[in-house]
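A.B. asks: A structural model of the following input is requested.
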Amino acid sequence: MGPFAFRLFGPSRSERDAETLYMAVLAVARRPGFYGPERTPDTFDGRFELITAVAALAMMRLKAAPETGRLGQDFADRLFLGLDDALREAGVGDLSVPKKMKALARRVYGRVQAYTDALADPDPAALADALARNVWSTPAPPFAPALAAWMRETAAAFAAAPATALLDSDRWPPAPRSV
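C.D. replies: Numbering: from 1, shown residues only. A predicted model of the protein is given here:
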């Protein structure tokens, strides 16, 4: 059952779209080209960081599209439900989940703000620097500039497309080919 399965009349259109968008974000963030040597570490934290970076792009686009109504909030709700599920699957105890979720929420929203600010910065290195701090915790990882360029390309492509284009993972650019 989906996360919104217990509504009296079923999920709203926005909730269905949020589920579709969540699945698209996961599909994009799980593309093998993002992971490996000299790329994003294929660890719980590495996947969290990449899901957060992709989700941040979706959140930024939805915020710029008031015509999407509740989709931005419904997507955020679905994202955090997915993070809650991941913590539980990783073996975090029920009593610890709320505390860990608060910490994850701060991390997600902090990154969304950092990536929003960096994308608005005319210096292309600003986004690579933000990614280096968050994804790798190191000053100059080789993949940070490629990931930053991918994020800029993706943000520009979706800015020129209807917000509903986010729902189709095939419309997201492929992972960067080179480091």
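A.B. asks: okay, the closest residue to residue 33 other than its chain neighbours and residue 151: tell me how far apart.
C.D. replies: Nearest non-adjacent residue to residue 33, counting by Cβ to Cβ, 6 or more residues apart in numbering: residue 175, 3.0 Å away. Yep, even glycine has a C-beta here, placed from its N, CA and C like the rest. From residue 175 across to residue 151, the span is 11 Å (Cβ to Cβ, to the nearest Å).
A.B. asks: check residue 86 too.
C.D. replies: Counting by Cβ to Cβ, the gap from residue 86 to residue 151 is 22 Å.
A.B. asks: over to residue 132?
C.D. replies: For residue 132, the distance to residue 151 - Cβ to Cβ - is 13 Å.
A.B. asks: more neighbours: which of these two?
C.D. replies: Counted by other Cβ atoms under 10 Å, residue 132 and residue 151 do not tie: residue 151 has more neighbours, with 24 against 20.
A.B. asks: tell me which element the more buried one falls in.
C.D. replies: Residue 151 belongs to helix 144-159 when assigned by DSSP states H and E.
A.B. asks: other SSEs contacting that helix?
C.D. replies: helix 44-63, helix 97-120, helix 125-131 (3 or more Cβ pairs under 8 Å, 6 or more residues apart in numbering; DSSP states H and E).
A.B. asks: which one, of those helices, ends up nearest to residue 162?
C.D. replies: helix 44-63 (9.8 Å; Cβ to Cβ).
A.B. asks: the helix or strand of the chain with the lowest mean pLDDT to helix 44-63, inter-axis angle?
C.D. replies: Every helix and strand of the chain was ranked by mean pLDDT, DSSP states H and E. The lowest is helix 71-89, at a mean of 87. Here the directions of helix 71-89 and helix 44-63 differ by 170 degrees (axes from the mean of the first three to the mean of the last three Cα atoms, to 10 degrees).
A.B. asks: could you measure from residue 175 over to residue 34?
C.D. replies: Residue 175 is 5 Å from residue 34, by Cβ to Cβ.
A.B. asks: between the two, which has more neighbouring residues?
C.D. replies: residue 34 (23 against 19).
A.B. asks: relative to residue 164, how far out is the more buried one?
C.D. replies: Taking Cβ to Cβ, one finds residue 34 at 24 Å from residue 164.
A.B. asks: hmm, back to that, could you dump the helices and strands packed on helix 144-159 to JSON lines with distance to residue 71?
C.D. replies: As requested, the helices and strands packed on helix 144-159 are exported to JSON lines (distance: least, Cβ to Cβ, whole Å):
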{"stretch": "helix 44-63", "distance to residue 71": "6"}
{"stretch": "helix 97-120", "distance to residue 71": "16"}
{"stretch": "helix 125-131", "distance to residue 71": "25"}
